[in-house]
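>>> Sequence first, predicted coordinates after that:
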Amino acid sequence: MHADPQAPRPAARGPVVSRREASPRTFRALRHRNFRLFAGGQLISLVGTWMQSVAQSWLLYRLTHSAVMLGAMGFLGQIPILLLGPVAGVAADRMRRRNIVVTTQTLSLVCAFTLAGLTLASAVREWHIFAAVLVMGCVNAFDMPARQAFLVEMVGREDLPNAIALNSSMFNGARIVGPAIAGLVVAALGEGWCFLLNGVSYVAVLVGLARMRLEPRAEAPPTRGVLAHLHEGVTYVAGEEAVWRPLVLLGVVSLTAMPYLVILPIFADRVLHGGARGLGLLMSGAGVGALAAALVLARRESPRGLGPVLGLAPVGFGLALLAFSFSRDLWLSTAVMVPVGFCMMTQMASTNTTVQSVVPDLLRGRVMGLYGVMFLGVAPFGSLLVGWLAHTLGAPSAVRLGAGCAIVSGLIFLAQLGRFQTALHRMMPVRKLEPAEPPIA
């Protein structure tokens, strides 16, 4: 039987580290055996996830040729995070985080195989895609806070910023490879094979999780309900300017600018005339930029100094999106997607690093649940909006409007930068928070 991941640890040491020589600064979280197991399985699985994402969008577009339907798909995939994210954060603080991740990965495997079977049998319909996206949205609502909060159990607080950045690097390394492979597989064999390969890729994550050695933790029954725990998390975030300011900024950009991904198939087909291959190239271009950003952030050892980065990233994101919206050449657009991905990942990972570096461990799951709400939970409304704008005004105009909102929001944050940095410095090092109750299994 595997040990409980919620066990207490000596505060100064964190998880057990391998006796091998310490990794270079950029990869120091890989000193930890549990994180190496996690990273290996995660990298394989994320390639499959990006393959499914591209194939899913292309399949729906091929069946409907509708920007509104693409927007609706984005809405269904992300609305569960808005509705369930806060409760999922409470679960991540009260339950074994590894068990939650094992469950979510197993359900994702089943969903991928089901969609693969329907597609390969030529029986897939639009509502099948919508149902699969909705189920995966519910799964992801619980997976995100549990996975993010689980990182500290694998590496300890000292190496947590590096683990967050390396986790983002894996996500975006897969974002380079996955869409490129998906474009080739879809063109040669069809979308169903992408879904099948994604289902197989989840096995790597499950094997890695099963092989982890985690220390046991003493347990006690809860004395307060879910709503009380949820209120505690919301109250904490609302009272800490160093936490709520970057979260609100991320929410605004997620609502207005990040939904450009929803209508990317329209750019690939109607604007740039690249088809499925073009869609894979565009997403891979963004992945290259995002991977570069994550590796740059991996060299940082502290969130100190990230304030200007948090404000400049959405400004750069918006400017790059404006340039993309005016391009009519596939290769030029792919090149422009590199700074788009770089700036988008810089904001996302910097927000994650800043928040996780100051939040108390006992509230980590709940705060990361709210992070998920601001990052992905508000995006459904952005997906519907961008789909409608693309249908009414055209895809380029829809992207330009979102880009403008990102630029303005970044400038507003920079105008209030002094207050944010004062609040952040006040919270470093992290202040202790007395537990409301011990987590339970």
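Received, thanks.
>>> State the pLDDT value of the nearest residue to residue 252 once chain neighbours are set aside.
Distances taken as Cβ to Cβ, 6 or more residues apart in numbering place residue 409 nearest to residue 252, at 4.4 Å, with adjacent residues excluded. (Glycine included, C-beta is placed from N, CA and C.) On the pLDDT scale, residue 409 is placed at 95.
>>> Give me the neighbour count for residue 207.
The local packing of residue 207 (other Cβ atoms under 10 Å) involves 13 other residues.
>>> Leaving out sequence neighbours, find the closest residue to it.
Spatial nearest neighbour of residue 207, excluding adjacent residues (Cβ to Cβ, 6+ apart): residue 41 at 6.2 Å.
>>> Quick one: list the elements packing against the helix or strand encompassing the one you found.
Here residue 41, judged by DSSP states H and E, is contained in helix 33-64. Helix 33-64 is packed against helix 67-94, helix 97-120, helix 126-155, helix 160-188, helix 191-211, helix 264-266, helix 275-298, with contacts defined by 3 or more Cβ pairs under 8 Å, 6 or more residues apart in numbering; DSSP states H and E.
>>> okay, the angle between the second one and helix 126-155?
Helix 97-120 and helix 126-155 meet at an angle of 150 degrees, taking axes from the mean of the first three to the mean of the last three Cα atoms, to 10 degrees as the criterion.
>>> Next, the buried residues of helix 97-120.
97-102, 104-105, 107-109, 111-116, 118-120 (16 or more other Cβ atoms under 10 Å).
>>> quick one: contacts for the nearest residue to residue 323 once chain neighbours are set aside?
Once flanking residues are discounted, residue 323 sits nearest to residue 336: 5.0 Å by Cβ to Cβ, 6+ apart. If you count contacts by Cβ atoms under 8 Å, 6 or more residues apart in numbering, residue 336 has them with 285, 320, 323-324, 327.
>>> quick revisit: pretty sure the residue nearest to residue 252 contacts residue 255?
No. Taking contacts as Cβ atoms under 8 Å, residue 409 lies outside contact range of residue 255: 9.6 Å.
>>> Look up which helix or strand residue 308 falls in, please.
Using DSSP H and E, residue 308 maps to helix 307-326.
>>> other SSEs contacting that helix?
Here helix 307-326 touches helix 241-256, helix 330-358, helix 395-415, helix 417-426, going by 3+ Cβ pairs under 8 Å, 6+ apart.
>>> just to revisit the earlier point, tabulate the contacts of residue 336 in JSON lines, adding columns for distance to residue 273 and pLDDT.
Converted to JSON lines, the contacts of residue 336 look like this (distance: Cβ to Cβ, whole Å; pLDDT from 0 to 100):
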{"residue": "285", "distance to residue 273": "17", "pLDDT": "87"}
{"residue": "320", "distance to residue 273": "22", "pLDDT": "95"}
{"residue": "323", "distance to residue 273": "19", "pLDDT": "95"}
{"residue": "324", "distance to residue 273": "16", "pLDDT": "94"}
{"residue": "327", "distance to residue 273": "12", "pLDDT": "90"}
